[in-house]
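# with the input below, show me the fold.
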Amino acid sequence: MASGAALSTAKSGKLEITHSLSLLDVLYANQFEGEYFPPELLNQTEENFYRGAPPKWLNFHISEERESDGIGTPFIKRDGYDTLVDAIHQRRKLPGILNVKLFHQPGCGGTTLAMKVLWDLRKTFRSAVLTGSTSDITKVAEEVVQLFTAGSRGNHNTVLLLVNDEKIMKELEDGIKMTIAGQKIRVPGHMPVAILLNCVRKDVVVQSDHIVLRKGLSEEEKKKFDEKKKELGTRYSDEHKQFHGFNIMQTNFSQAYIQEACSVFQTTKKANRPQKTQLAAFLSLLNAYVPGSFLLESQCMDFFKHDDYRHGDLSLEDRMEPFSHLVITFQQDGRSEKKVCMAHPMIAQRCTELMARSGVTRSDTARNLLTRLCTEETPPFLVGFIKDMLTKRGTKPKDMKKEEDPIDGTEFVERYSRLILDIQKIESNTQSASVLKLASNLFGQNPFFPQALARFYYAELKYYNQAEMWAKKAKLRDPQNSFVADTLGQVHKNHLKNKEHPAKPREILHLASKAIEAFKDEERLAENEQGSEMKGDGNTKVSNVFNIRGQFGYLQVCNLVYDLLVSQNDTWRDILTKNVSLDSVLESLGDHKLFRFNDLINGLRDEIGRKCAFFDKYLTYSKPDMKDDPAYISRDTSKCYRNFVGNSPSKDFKQKGADLIQKLKQNLADTSAGVLSCLDRECTESDLKEIITWWEEIFLQKDTVTALVNYILTHIMLRNMGAISPSDCKHLAAFKQRMPLIPNDSPELHMLALLLCWPTGSEAKCVLDLTELIRRMHRSYEVAYKKHFRSRYLRPLFFIGNGEDLKGIVHRKVLENLFLQQNEGTKQDWSNDWSKEKIFKVPEVQARLVKVEGVVRNYRVFATIDDEEIEVDANRQNSIWRPRRVSFYLGFTIRGPVAFAIQTKPAAEGKTAEEISGMKRSEQITPKDTTGGQQFVDLHQTDLINRVSDAGAILDKLKDGGWISEENYEALRSLNNTQDQMSGILQCLTSGGKDALYEILTRMRSMRPLIAELQGSEERNEA
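Next up, the predicted model:
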């Protein structure tokens, strides 16, 4: 660049910087301005792009220059461009960290569209692409914040960041927020820190609320491409006929064009394939199944090494004839090696198909690629591409849903990678297994190839011994990974499931014991894994989600055992539920060797009870972030519980009140989570009254606080059901006498204590320390649930409503029903509605709840009670970026109180922007101290309008303090000059607002001379 690299600023200016960021490719506001480029470089860059190379920033510069010189048409914008730009500008009005998603099919210009948007907005935002490693999200977040804060506070500006990895979005958002809070950075209230443009490549793109780009042009797009074709034909003559990347789109992704371009492959023979044909086959296979993959030019040249005595110093392009026009060699930047790929994913797919028709099958090419390119020193990027090609499982549309999908909430995932599925469909199961086996042997440390092979053996070929062997090998390669360990349990479970009937009980129990041991080991590993906050430990296995497959697999195996054994002999029902001992019925079963499974059988019932209790809490208290858990988890768990635990007590169950506990188990209400899910399970009023009676009797017999809490919670559920005449909660006072609870009590007990003692407008001040109660609940949650619920959304369980004691506790289900009544005829998806908070816009919901007043400060939210500030969590993190007075609805999750639907509250008389922002009281000048503030502003309006130099900063402070509404703020921000802005400010302010304006002016160093001058004129006038 001719001048220093410059970033855009919030004030539509430019800020020169000298530092660089290693993980971000920053697009500067003055990118390429004043630079000279040789014409041959410009032509080569443009030619590479239209042939099919990924776009460079220089491509957009070239297009703009040629358009301004009158020798080029505008750079083509796909139809999604305006929608994408509008979405970004809409988010610019909101605080926090926002994201915009662009889904696109491979080869339809999605990445180009995203980069074009960044290019066009580089003078408005600080545009950048995340190009570095995402293994350290904290480092990425720090660089994003560094880019946002470059320059002084007045020069902060929103980062528009292009991110291609969908999986890191949540972690990146959290990392940026933590960095901002940790560095105590003051973010202007009107400005988001970052807008993350997530560019997601998908083979199958279903209808979505997000922006979607597909293979198909509109009529308007066709016209633009036709104009560009004429321009390229004039500039490049016949060369443009081989601009395949451009031509495929210009012909509206024509299969006829692709067939003609790839016709050279029709003559390929299986025998005696020259090396150039093999290399073209490798590139085609990689690009067909892993869009964005490549080989290095140096790798390709090494492949030809033993032919050098014949070809001498020929370039790769010459060596690849007659395939050269289908292959692209490009360089991302001056520091990186040259990369080689096919011109377009559709060309790669077609070449792969044509070679398969000629006898060079996909499995042949895959095995040849593995053998020829994967040496002991295979570069990591190639290992990654091969791993994706052989093991990455794609998604499928909802109408292709199968019941046997993964249990992590991603319900529509294929069983194998696209390549393995295609080999299976077009060739055979044996060939698919052969490719996976070769990769498993070549990459001796990688667990994922043998894991996929084991899955293929048990699911497709039913070779259970082979599947077991490879599953164990996978486990040995990554012995601490619970997800890898899962495969061994699945092998045995599926063997049991597909056992030929009638199988002997001894065979059933033998397989079940192997499956159960594998799943128990997986559960142990999952318990030892930690979240991403433990990355720096170096020894702990890190997983962003808690793996529940071991526990769920255990229950599935138990269901299979129950069905298989009971169907043969009903005596097994009593054995499995521990109503009779195994040794007492061995004679009637006719097989004394079954006794070796006695310990296994005796342990099932209690273990199932513990695992079902876990899932009861897991499903009641939490859910995946943006979807729901698959229904079969709850269904299979309930079935297992009823089979082994719920239908009858075991004969050795001697605990006091055992009959009552068994009745509760039959109603799935023997735990607090079970009670709290009664409305979700649609229990009847009579069910709840019986549950109340049973818990009351247990409390009177045993005097435990847990029984007392469940008794009270059931009363609350009964009232929320709308019971006409609910019985009195006779023992409520007994619980209140036990508050405050000890720290070791469960989160459920702490939650009830908080619900009962939280003050409402009609009550006196709470006698307990709410902050301490919340702190204890948080600590209790961390011990009991944090590890298991990490990365999951915590469901709201209750809200503070109108009424006292139990009447003022409103269950989530009540609000959901009110919402549904106002939206009759529409199927409601609750998978992300609580996080979006649409439910709080319904008047009937608002009428049931109490608004709590509070304040946002330092990226935290506090409830204000009797002049005391109580910190609570925020349901939406983007609601707590602006310091201000607020009101909200108070909900309770199993972790503690949470503020929902946070809204700005007009500031009370005497509250200033600085108070809201958390300055010490001794440093404040309140309107009471400056009674002349309003008078000063009214007296000097003309001077303030004409002589104040930084109306934008004043506007920010007034908005942060709640003195100017969002609408007025946006309107005033859009005015062209400072005088108009100051005039508008003075028209909007109340008397308290004018006092606040006076405070702001006196604290601004640049305004002090003017304030002193105007005050001096007052004194002279008085004299």
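# ok, Leu118 touching Leu27?
Yes: if you go by CB atoms under 8 Å, Leu118 and Leu27 touch, sitting 5.8 Å apart. In short, each C-beta sits where N, CA and C put it, glycine included.
# which residues are in contact with both of the two?
Residues touching both Leu118 and Leu27 by CB atoms under 8 Å, 6 or more residues apart in numbering: Ser127, Ala128, Val129.
# now these as TSV including secondary structure and pLDDT?
Output for these, formatted as TSV (DSSP: H, G, I helix; E, B strand; the rest coil; pLDDT from 0 to 100):
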residue	secondary structure	pLDDT
Ser127	strand	95
Ala128	strand	95
Val129	strand	95
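# of these, buried ones?
For these, a burial check counting by 16 or more other CB atoms under 10 Å picks out Ser127, Ala128, Val129.
# which one of the residues you listed is nearest Phe32?
Phe32 lies nearest to Ser127 out of those, by CB to CB, at 13.6 Å.
# got a list of what that closest one touches?
Listed by CB under 8 Å, 6+ apart, the contact partners of Ser127 are Val26, Leu27, Leu118, Trp119, Leu121, Val159, Leu160, Leu161, Leu162.
# max pairwise distance over those residues: which two?
Trp119 and Val159 (15.1 Å).
# could you pull out the helices for the stretch 151-300 of the chain?
169-182, 219-236, 244-250, 255-261, 275-289, 297-303 (DSSP state H, counting those that start in this stretch).
# actually, the stretch 851-1000 of the chain.
According to DSSP H, counting those that start in this stretch, the stretch 851-1000 of the chain carries its helices in the segments 913-916, 933-939, 941-947, 951-960, 966-973, 978-988, 991-1003.
# need those helices in a markdown table with mean neighbour count, distance to Gln466 and mean pLDDT, can you?
Compiled in a markdown table, those are given as follows (neighbours: other CB atoms under 10 Å; distance: least, CB to CB, whole Å; pLDDT from 0 to 100):
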| stretch | mean neighbour count | distance to Gln466 | mean pLDDT |
| --- | --- | --- | --- |
| helix 913-916 | 23 | 67 | 41 |
| helix 933-939 | 18 | 83 | 79 |
| helix 941-947 | 15 | 84 | 84 |
| helix 951-960 | 22 | 66 | 85 |
| helix 966-973 | 16 | 64 | 77 |
| helix 978-988 | 18 | 75 | 83 |
| helix 991-1003 | 22 | 75 | 84 |
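# okay if I get those as CSV plus distance to Ile809?
Listed next are the helices of the stretch 851-1000 of the chain as CSV, based on distance: least, CB to CB, whole Å:
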stretch, distance to Ile809
helix 913-916, 31
helix 933-939, 45
helix 941-947, 52
helix 951-960, 35
helix 966-973, 33
helix 978-988, 41
helix 991-1003, 37
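# quick one: which of those is nearest Ile137?
Comparison of those against Ile137 by CB to CB identifies helix 951-960 as nearest, at 29.2 Å.
# neighbour-wise, which of Trp119 and Val159 wins?
Neighbour totals were compared for Trp119 and Val159, and Val159 leads with 27 against 20 (other CB atoms under 10 Å).
# buried residues, stretch 675-689. List them.
Neighbour counts over stretch 675-689 (16+ other CB under 10 Å) mark Val675, Leu676, Ser677, Cys678, Leu679, Cys683, Asp687, Leu688, Lys689 as buried.
# what do you get for stretch 72-90?
Going by 16+ other CB under 10 Å, stretch 72-90 has these buried residues: Gly72, Phe75, Ile76, Lys77, Arg78, Gly80, Tyr81, Leu84, Val85, Ala87, Ile88.
# I'd say the third one and Glu231 touch.
No: distance between Ile76 and Glu231: 10.7 Å, which falls outside the contact criterion (CB under 8 Å).
# which residues are in contact with each of the two?
Joint contacts of Ile76 and Glu231 (CB under 8 Å, 6+ apart) do not exist.
# reformat the buried residues of stretch 72-90 as a markdown table; add distance to Met1007 and pLDDT.
A markdown table is the format used below for the buried residues of stretch 72-90 (distance: CB to CB, whole Å; pLDDT from 0 to 100):
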| residue | distance to Met1007 | pLDDT |
| --- | --- | --- |
| Gly72 | 50 | 91 |
| Phe75 | 45 | 96 |
| Ile76 | 50 | 95 |
| Lys77 | 45 | 95 |
| Arg78 | 48 | 93 |
| Gly80 | 46 | 91 |
| Tyr81 | 43 | 95 |
| Leu84 | 41 | 95 |
| Val85 | 37 | 95 |
| Ala87 | 38 | 93 |
| Ile88 | 34 | 94 |
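# which pair in the residues you listed spans the largest distance?
Among the buried residues of stretch 72-90, Gly72 and Ala87 lie farthest apart (CB to CB), at 28.3 Å.
# ok, Cys729 to Gln737 distance?
Relative to Gln737, Cys729 is positioned 14 Å away (CB to CB, to the nearest Å).
# the two: which has the busier surroundings?
Set Cys729 next to Gln737 and count neighbours by other CB under 10 Å: Cys729 wins out with 20 against 7.
# Provide the secondary structure category for the more buried one.
Three-state assignment for Cys729 (DSSP: H, G, I helix; E, B strand; the rest coil): coil.
# for it, give me its contacts.
Cys729 neighbours (CB under 8 Å, 6+ apart): Tyr711, Ile712, His715, Leu806.
# could you check how far the closest residue to the third one other than its chain neighbours is from His788?
Which is His715. Distances taken as CB to CB, 6 or more residues apart in numbering place Cys729 nearest to His715, at 4.3 Å, with adjacent residues excluded. Taking CB to CB as the measure, Cys729 falls 31 Å from His788.
# and the lowest mean pLDDT element among the helices and strands of the chain?
The weakest-scoring helix or strand in the chain, judged by mean pLDDT, DSSP states H and E, is helix 913-916 (a mean of 41).
# so what pLDDT did the residue nearest the centre of the chain get?
With distances taken as CA atoms, centre = their mean, Lys170 lies nearest the centre of the chain, 4.4 Å away. We have a pLDDT of 88 for Lys170.
# could you do the one 3 residues further on as well?
The confidence metric pLDDT takes the value 92 at Glu173.
# show me the contacts for Lys639.
Lys639 makes contact with Asn559, according to CB under 8 Å, 6+ apart.
# secondary structure class for it?
Three-state assignment for Lys639 (three-state DSSP): helix.
# and Leu58, what helix or strand is that in?
helix 57-68 (DSSP states H and E).
# tell me which other helices or strands that helix touches.
Under the contact definition 3 or more CB pairs under 8 Å, 6 or more residues apart in numbering; DSSP states H and E, helix 57-68 sits against helix 39-51, helix 110-120.
# most tightly packed of the ones you listed?
With neighbours taken as mean count of other CB atoms under 10 Å, the helices and strands packed on helix 57-68 reach their highest mean count in helix 110-120, at a mean of 22.
# so which elements touch that helix?
So helix 110-120, by 3+ CB pairs under 8 Å, 6+ apart, packs with helix 57-68, helix 80-92, strand 96-104, strand 126-130, strand 159-163, strand 192-201.
# may I have stretch 358-369 exported as PDB, CA atoms only?
Output of stretch 358-369 as PDB, limited to C-alpha atoms (Å, rounded to 0.1, in the frame of the first residue of the first chain):
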ATOM      1  CA  SER A 358     -14.600 -46.500 -17.700                       C
ATOM      2  CA  GLY A 359     -13.800 -48.900 -14.900                       C
ATOM      3  CA  VAL A 360     -11.800 -46.600 -12.700                       C
ATOM      4  CA  THR A 361     -14.100 -46.900  -9.700                       C
ATOM      5  CA  ARG A 362     -14.300 -44.600  -6.700                       C
ATOM      6  CA  SER A 363     -12.900 -47.300  -4.500                       C
ATOM      7  CA  ASP A 364     -10.000 -47.900  -6.900                       C
ATOM      8  CA  THR A 365      -9.200 -44.200  -6.900                       C
ATOM      9  CA  ALA A 366      -9.500 -43.900  -3.100                       C
ATOM     10  CA  ARG A 367      -7.200 -46.800  -2.500                       C
ATOM     11  CA  ASN A 368      -4.700 -45.500  -5.100                       C
ATOM     12  CA  LEU A 369      -4.800 -42.100  -3.500                       C
END
